[in-house]
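Colleague: With the sequence up front, the predicted model follows.
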Amino acid sequence: MHLHSLFNLFPISSSIAVAAYLSLAVVLLVPRLRNRLGQMLAPVSPSNQVHLFSLDALRGLAALWVVSYHSWQWWTFIPNQKPTSISPVELAGEDAVAVFVGLSGFLIFRALQSVNSLDGLRRYFQNRFLRIYPLYAISVIALVVFRQYSGVLTKGQHLIAEFFMVRSIGYPVFLNPPSWSLYVEVLFYLVAPCFVLMVQRRVILVAGIMTLVFFLIDNNSPREFALFKFFGIGILASEVQRRLTGRCPEWGAVLIFLFGSMFFWLAVTCECPLDRLVRPFMVPWFCPQQGLLNSGDTIEFCLAVGFLLVGSTLSRTVTTFFKLAPWRILGAISYSIYIWHSFVIISDAPLLFRYLGGVVPIPNSPPHPSPDEWIRWFVIIPAILFLSTLSFLLVERPFLQMRRRVATV
């Protein structure tokens, strides 16, 4: 594809990508600017927790995984569109959401363990609000301003529902497709304090039972419900990591991480011997409509999330690797990547957001070729990363810094 054709077919993504490459060149050529930007793009953590850089990197990689999948998948909804090829790992990108949920279970459980008063609980909710809501609210405003939706927001009640995130309690309408998992996380933020209060010292037992029950009953359930087992996995990983800290040798921590990587590869390539061994015994009692499962619903993927969370936070080698600048920056901007990538992808596609959290073709739109692999990775995805970096600096970072000020009040 010629450069002229690229800008004609993907004008918005191409323009943002050019700005991204020019900005990167300037940053690399000006050391003072590079150092300053490196400081500003450092992850901002609350003052009551030790920062775990490896978890930031996992979150960033999961966000990139979702982007690579959606930048391919959404083009397949266009009639008469011949989809381009995609790797098996990218094809399983929808399951990256489970990694976000596992991370939330790990970190939220750990944050709540230090809450021992009503004032601490107030700060917990303030931190969660400042972390999630400001960027989300701006994305809702962007939906209204740019009208990248199929008309549903003409009803005021739907707009109010978007702003107040009432999808979290069952409201049927929402527009930005990636936000479906965000509503599940918000619900977890609300119930997690009760869970921590009830389990006290029986964390592994209660979280293990909860995870097993959700795993057994969530087949053919709504995708929101299917995520809840990963909160349990994150809580289990957090408690196991805490108990192994200072006791597990480095080789053991690396081995745990490698086991997680192995289970991940088995799950996304559909080579799941453990799942195939166990599932037939589950069908008569728990899974009467057992069908083809997503990789995220397999035993291997559940084990992968747990082992990766534990191994990456225990191993000094893995932590040192994930402290490198590219991973730190990717982790810092991961939430912005997750929120904004849908806007960039459909900006040059004949698509609109639909009211149930998906995309639909624009009626009577002219034919438009789907992006080749190199366009996705060297134009669309850099554009998303650049926009997400600006979003982090201008929106997320000020509110994240406010969390520290709130913690000292």
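Modeller: Received the coordinates, thanks.
Colleague: what's the straight distance from one end of stretch 347-357 to the other?
Modeller: 16 Å (CA to CA, to the nearest Å).
Colleague: Give me the mean pLDDT for it.
Modeller: Averaging pLDDT along stretch 347-357 gives 89.
Colleague: Pull out the buried positions in it.
Modeller: Using 16 or more other CB atoms under 10 Å as the test for burial, stretch 347-357 gives 347, 348, 349, 350, 351, 352, 353, 354, 355, 357. (Each C-beta comes from the backbone N, C-alpha and C, glycine too.)
Colleague: With only the CA atoms kept, save stretch 76-93 in PDB.
Modeller: Extracted in PDB, the C-alpha atoms of stretch 76-93 (Å, rounded to 0.1, in the frame of the first residue of the first chain):
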ATOM      1  CA  THR A  76     -14.600  -8.800  10.600                       C
ATOM      2  CA  PHE A  77     -18.000  -7.300  11.400                       C
ATOM      3  CA  ILE A  78     -18.000  -5.300   8.100                       C
ATOM      4  CA  PRO A  79     -20.000  -7.100   5.400                       C
ATOM      5  CA  ASN A  80     -18.100  -8.800   2.600                       C
ATOM      6  CA  GLN A  81     -14.800  -8.100   4.400                       C
ATOM      7  CA  LYS A  82     -12.100 -10.600   4.000                       C
ATOM      8  CA  PRO A  83     -10.200 -10.700   7.400                       C
ATOM      9  CA  THR A  84      -6.400 -10.700   7.400                       C
ATOM     10  CA  SER A  85      -4.400 -13.400   9.100                       C
ATOM     11  CA  ILE A  86      -3.800 -13.400  12.800                       C
ATOM     12  CA  SER A  87      -1.700 -15.400  15.200                       C
ATOM     13  CA  PRO A  88      -3.200 -17.800  17.700                       C
ATOM     14  CA  VAL A  89      -2.000 -15.600  20.600                       C
ATOM     15  CA  GLU A  90      -3.700 -12.500  19.200                       C
ATOM     16  CA  LEU A  91      -6.900 -14.500  18.400                       C
ATOM     17  CA  ALA A  92      -7.200 -15.200  22.100                       C
ATOM     18  CA  GLY A  93      -6.900 -11.500  23.000                       C
END
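Colleague: circling back to that earlier point, with distance to residue 315 as new columns, can the buried residues of stretch 347-357 be given to me in CSV?
Modeller: Formatted as CSV, those follow (distance: CB to CB, whole Å):
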residue, distance to residue 315
347, 40
348, 41
349, 41
350, 46
351, 42
352, 45
353, 40
354, 43
355, 45
357, 37
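Colleague: Which members of the residues you listed are the farthest-apart pair?
Modeller: 348 and 355 (22.2 Å; CB to CB).
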